[in-house]
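Structure of the sequence below:
(one chain, ligands or ions: 1)
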Amino acid sequence: MSRNNGMIRLEGIGKSFKVATRTAGLKEAAKALFARKHTVVEALKDISFSIGEGEVVGYIGPNGAGKSTTIKVMSGILVPDDGSCSIMGYTPWKDRAEYVKHIGVVFGQRSQLWWDVPVLDSFELLRDIYKIPEAQYKANISMLTEMLALETIVQMPVRQLSLGQRMRCEIAASLLHSPKLLFLDEPTIGLDAVSKLAVRSFIKKLNKEQGVTVILTTHDMSDIEALASRILMIGKGSLLYDGSLEELKGRFGSGKTVTVDYRGESGPIEIPGAAMLEWSAERAVYSFDPEQLTLAEIVSRLSAFVEVVDIEVVAKDIDEMIVRLYEEHKI
Ligand SMILES: Nc1ncnc2c1ncn2[C@@H]1O[C@H](COP(=O)(O)OP(=O)(O)OP(=O)(O)O)[C@@H](O)[C@H]1O
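Now for the predicted structure:
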């Protein structure tokens, strides 16, 4: 459970990038060599939040919103232009050498493992880099091998692994030194359903059993639904939402969709309080708010005209809610 003791505190973080503007044509390119034109991209604007020990937070937002930039600031790779960041008492980019001993970082699209050597050799190199005591290393290897089913794959070179196998090894590599905080940037990107479930259930267990705090960026809303009790949403560099998934559901998710299969001849039947999404020869689809209109009322109204054969009701899915939230903030 979350204990917001401010393990992580960001206050007014800002970061801009200067990007050279490219101009079309050889002549223009030659000119640009002498007088380079730049535009400034404000990747992060006044970002503040605080995260407690033991939380699992989903950091979401559309492409280019600033998620990776925030993770890079929090992991000490990037120095922000403004603001302060304190994580477990460290300023990540200032105390980096000491700080990295307490964090694990996985960038789904980049590898920290050596391509041509067996995974175990990479693990041993990391043991030396982090100066992990032998007993701790052995205990962690055995725990991670079991939990992530690595037994047979750690003997293989990374280039021979499937994406799912590699991701499990990447996650293991980030945890060999027993960090209390884990940053996961798109950990399930490109994985098949089975591998996604394996990664998710591992993260859940790690948080529950070892109390590791997890910050997760993802475009996959089912990752969020499975793992994160809290969502931070960023758009165009600004923080737009900080709250629980439940709150978000309360705001957008009370609506349901009902699909009714029917027999009989009838034109479209209007139901006061419900929006008709589809009317065809044997099927009708409506969206409705269960607090305003009951399913029984819908069925009873339809039954007056046709014979209702089957009914299916589904709650609005989380992707839909996120799109609504993006729309609300015009991002
Ligand atoms: N090194 C850099 N140089 C110039 N611009 C950068 C750099 N890194 C990020 N940006 C810009 O900063 C903005 C935020 O990028 P960032 O990678 O943080 O977004 P993101 O939310 O992680 O996106 P995605 O979901 O696509 O990974 C973008 O406009 C991006 O082009």
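
in the top strand by length along the chain, what's buried?
Across the chain, the longest stretch assigned as strand under DSSP state E is strand 3-20. The neighbour-count check on strand 3-20 (16 or more other CB atoms under 10 Å) flags 7-8, 10, 13-15 as buried. Where you see a C-beta, it was placed from the backbone N, CA and C, and this is true even at glycine.

does residue 232 sit in a helix or strand, and which one?
Secondary structure assigned from DSSP states H and E places residue 232 in strand 230-235.

and if you look at residue 242?
Secondary structure here is read from DSSP H and E; on that basis residue 242 sits in strand 238-244.

what about that strand and the ligand, touching?
No - looking at strand 238-244 against the ligand by CB under 6 Å from any ligand atom, there are no contacts, and the closest approach is 11.6 Å.

Pull out the buried positions in that strand.
Neighbour counts over strand 238-244 (16+ other CB under 10 Å) mark 238-242 as buried.

quick one: average confidence on whichever strand or helix holds residue 300?
Here residue 300, judged by DSSP H and E, is contained in helix 295-303. The predicted model gives helix 295-303 an average pLDDT of 95.

Next: stretch 117-128.
If you average the pLDDT over stretch 117-128, you get 95.

how about CSV for the buried residues of strand 238-244, with pLDDT added?
Shown next, in CSV, are those (pLDDT from 0 to 100):
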residue, pLDDT
238, 94
239, 94
240, 89
241, 91
242, 94
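
Going by distance to the ligand, which of the buried residues of strand 3-20 wins?
Distance to the ligand across these (CB to the nearest ligand atom) is lowest for residue 15, with 8.0 Å.

Bridged to that closest one, which residues?
Here residue 15 sits in beta bridges with residue 44, as judged by DSSP bridges.

Look up how far the ligand lies from residue 331.
Here the criterion is CB to the nearest ligand atom, to the nearest Å. By it, residue 331 lies 11 Å from the ligand.

what comes into contact with the helix or strand hosting residue 128?
Secondary structure from DSSP H and E places residue 128 in helix 119-129. Counting contacts by CB atoms under 8 Å, 6 or more residues apart in numbering, the residues outside helix 119-129 that touch it are 112-114, 132, 137, 141, 150, 153-158, 161, 169, 172-173, 176-177.

How about stretch 145-154?
With contact meaning CB under 8 Å, 6+ apart, stretch 145-154 is reached by 118-120, 123, 144, 161, 165, 168-169, 171-172, 198, 202, 205-206.

picking up where we left off before, only the buried subset of the contacts of helix 119-129, as a ChimeraX command please.
Once 16+ other CB under 10 Å is used to decide burial, the buried members of the contacts of helix 119-129 can be selected in ChimeraX as follows:
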select :113,132,137,141,150,153,154,158,161,169,172,173,176,177
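
Inside helices: which ones of the contacts of helix 119-129?
Judged by DSSP state H, helices contain the following of the contacts of helix 119-129: 137, 141, 169, 172-173.

from the residues you listed, which are also near the ligand?
Contacts with the ligand are made by none of the ones in helices among the contacts of helix 119-129, judged by CB under 6 Å from any ligand atom.

Of all pairs in those residues, which one is the farthest apart?
Considering CB to CB, no two members of the ones in helices among the contacts of helix 119-129 lie farther apart than 137 and 169, which are separated by 15.5 Å.

So what's the residue count around residue 53?
17 (other CB atoms under 10 Å).

tell me which residues form a beta bridge with it?
With DSSP bridges applied, residue 53 shows beta-bridge pairing to residue 3.
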